[in-house]
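S.K.: Quick check, what structure comes out for this input:
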Amino acid sequence: MNLELEIEYSLKIFKGWVCLALVLVLLLPGAPVNAQDQGSNGPVYVVQQGDSLWDIALRFGISIDALEKANGITDPNQLSAGARLIIPGLEGIQGELITENVPFGESLTSLSRRYQIPEDTLARLNHLTSPGELYVGASLVVPKPAQGGTPTPSTTATGERAMLSPGQSLLELAVTRNTNPWSLVTTNVLSGTWSALPGDVLYYPGAKQAEGPGALPEVFTEVAVKPLPMVQGKAAVLQLSGPAGLSLTGSLAGYDLHFFPAQAGGYVALQGLHALTEPGIYDLKLNGKLPEGAPYYGAEFVFSQPVFVRAGGYRFDPPLTVDPATIDPAVTKPEDAQWFALTATATPQKKWNGIFKSPAPPPFNNCWPSLYGSRRSYNGSAYSYFHSGLDFCGGVGIQIHAPAAGTVVFAGPLTVRGNATIIDHGWGVYTGYMHQSEILVHPGDHVQAGQVIGRVGGTGRVTGPHLHWEVLVGGVQVDPIDWLQNAYP
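M.R.: Sure, this is the predicted structure:
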């Protein structure tokens, strides 16, 4: 073979390999999205199952384009769980980032101490411009602990926590906790021994790991707020651990909270949120006095944190035509005042146990012609009314049963509500029964779950015979279906 033929043959072989290589590149799947290896200074977020590029960009307050550029992403569909993404715009912050929900009992200061990062860094990570953004249940971006795992009280700030009582110096607190004031200064990122304020909750080296809400005194090792987010027309439940002898008060969205000792220990408060509450941010406040004697000496504390209340998604009923006298403010206002005065007291004895029974017998127990919360228009009015209870089907004379044990506090005729009964179940929980044809109980009677207390009728503001049943919590009507499906503490 001459030289020209050898060269031509070699070129054919080379072209063949090039074509084969191109085909293989086109057939291979795209490489998984990952953080660039070219030494970026930004922190890293590990993609979780279900994350999208849009979700991640929104969470960190950056654009999708910036996120794609920082990580060399050409195909967002290749995003996979476990991929490590550099987060631009956070230079100077190192490590792996994860998200947690903000629990009740925390502030920017307490979270800074818990996760051991400066307040301004935590605020920059989460694009915080006001304390109101740290509402209960909000998503919070935090660095993952060096030892791995999810940040919890036991994997972040080490040691125990103690409240600086009014009139107490940092030195005195250090002595009572067998530590020194400089350890308190360092651990809690204080500018000096003089900078701690009365009521400040501080971490200090101790035999136990810090537990519970970081902005509340150490007597609280666990706090639960349900539901999150809160919902208009629902009953909110606040549960706190704590020793006997605590004195607790508080408020939620302007309603006073009443705390009662729970059977399993700790304290419970229940409060309804009005069905017409405007969705948005509201304050959840807690005031207390600690037990007398060391180390608390009856110290008092005050704490407030925002909570978010979302819309209940209630429907609009067709316009209704009723007797004009039953929507006359001269009639409705004094009757409403009487009704809510009868249900305002939170008696200390809890009388119900578990899920409420239906007040209507089968087959009417699951027949609901009108649900709670639906917006209403009467006689051509605006939709400024709402349905304050749950209606059950059934003709005149159908039995009405008590859903739980309680004490009758009202039984008599009213203009709007017709023949009505109210039962007190304790802890600020009441049930009301309206439009009856016959009332079979009297004020002061103690009733048991399932006991017959009246009969269905068509008295008061009605368009036909039915039972209108209300559940009131903290003086506010809430969705009765919740109480038929869930056991409240």
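
S.K.: For residue 460, give me its contacts.
M.R.: Shown in contact with residue 460 (Cβ atoms under 8 Å, 6 or more residues apart in numbering): 326, 414-420, 434-435. From N, CA and C alone the C-beta is placed, and that goes for glycine too.

S.K.: how near is residue 310 to residue 327?
M.R.: With distances taken as Cβ to Cβ, to the nearest Å, residue 310 is found 29 Å from residue 327.

S.K.: try residue 85
M.R.: Taking Cβ to Cβ as the measure, residue 85 falls 58 Å from residue 327.

S.K.: Just want to know which of those two has more residues nearby.
M.R.: Legend: neighbour count by other Cβ atoms under 10 Å for residue 85 and residue 327, higher for residue 85 (27 against 16).

S.K.: A helix includes the more buried one, no?
M.R.: No: Residue 85 is assigned strand when assessed by DSSP: H, G, I helix; E, B strand; the rest coil, not a helix.

S.K.: Now do it against residue 436, distance only.
M.R.: Using Cβ to Cβ, residue 85 is found at 63 Å from residue 436.

S.K.: swap in residue 306?
M.R.: According to Cβ to Cβ, residue 306 and residue 436 sit 42 Å apart.

S.K.: try residue 259
M.R.: Per Cβ to Cβ, residue 259 is found 34 Å from residue 436.

S.K.: For those two, indicate the residue with more neighbours.
M.R.: Counted by other Cβ under 10 Å, residue 259 and residue 436 do not tie: residue 436 has more neighbours, with 27 against 23.

S.K.: pLDDT below threshold where in the stretch 201-350 of the chain?
M.R.: Within the stretch 201-350 of the chain, the stretches with pLDDT under 70 are 207, 209-210, 294.

S.K.: hmm, try it at 90
M.R.: Filtered on pLDDT under 90, the stretch 201-350 of the chain yields the residue ranges 203-212, 218-219, 221, 242-245, 263-265, 290-300.

S.K.: which residues in it form helices?
M.R.: 329-342 (DSSP state H, counting those that start in this stretch).

S.K.: and residue 165, how many neighbours does it have?
M.R.: For residue 165, using other Cβ under 10 Å, the count is 22.

S.K.: Can you get me a residue count around the residue lying closest to it once chain neighbours are set aside?
M.R.: With Cβ to Cβ, 6 or more residues apart in numbering as the criterion, residue 165 has its nearest non-adjacent residue at 4.1 Å, and that residue is residue 299. A total of 20 residues lie near residue 299 under the criterion other Cβ under 10 Å.

S.K.: which stretches of the stretch 51-200 of the chain form helices?
M.R.: Taking DSSP H, counting those that start in this stretch as the criterion, the stretch 51-200 of the chain contains helices spanning 53-60, 64-71, 108-115, 119-125, 170-176, 181-187.

S.K.: Who are the packing partners of the fourth one?
M.R.: Secondary-structure packing of helix 119-125 (3 or more Cβ pairs under 8 Å, 6 or more residues apart in numbering; DSSP states H and E): helix 108-115, strand 139-143.

S.K.: quick one: strands adjacent to the shortest one?
M.R.: Each strand that pairs with strand 139-143, with its direction, by DSSP bridges: strand 96-101 (antiparallel).

S.K.: Report the separation between residue 218 and residue 295.
M.R.: According to Cβ to Cβ, residue 218 stands 9 Å off from residue 295.

S.K.: Residue 85 too?
M.R.: Residue 85 is 46 Å from residue 295, where distance means Cβ to Cβ.

S.K.: do the same with residue 344
M.R.: Counting by Cβ to Cβ - residue 344 and residue 295 are separated by 38 Å.

S.K.: same question, residue 425
M.R.: Remark: distance between residue 425 and residue 295 (Cβ to Cβ) = 38 Å.

S.K.: Neighbour count for the two, which is higher?
M.R.: Comparing residue 425 with residue 295 by other Cβ under 10 Å, the one with more neighbours is residue 425, at 27 against 16.

S.K.: Contacts only, for the more buried one.
M.R.: By Cβ under 8 Å, 6+ apart, residue 425 lies in contact with 350-352, 404-406, 431.

S.K.: Now, those residues that are in strands?
M.R.: Those of the contacts of residue 425 mapping onto strands are 406, 431, per DSSP state E.

S.K.: Can you tell me the SS state at residue 416?
M.R.: Assignment for residue 416 (three-state DSSP): coil.

S.K.: okay, now it: neighbour count?
M.R.: Around residue 416 there are 21 other residues, counting by other Cβ under 10 Å.

S.K.: Can you give me the separation between it and residue 211?
M.R.: With distances taken as Cβ to Cβ, residue 416 is found 51 Å from residue 211.

S.K.: bridging residues for the nearest residue to residue 247 once chain neighbours are set aside?
M.R.: Nearest residue to residue 247 in three dimensions, chain neighbours excluded: residue 289, at 4.1 Å (Cβ to Cβ, 6+ apart). Beta bridges link residue 289 to residue 247, residue 300 when assigned by DSSP bridges.

S.K.: same check, this time on residue 270
M.R.: residue 237.

S.K.: residue contacts, it?
M.R.: 235-238, 427-429, 473-474, 488-489.

S.K.: Closest to residue 60 out of those residues?
M.R.: Set against residue 60, the nearest of these by Cβ to Cβ is residue 236 (30.5 Å).

S.K.: quick one: that closest one and residue 274 touch, right?
M.R.: No: with contacts counted by Cβ atoms under 8 Å, residue 236 stays clear of residue 274, the gap being 11.6 Å.

S.K.: and residue 473, what are its bridge partners?
M.R.: Taking DSSP bridges as the rule, residue 473 bridges to residue 429, residue 476.
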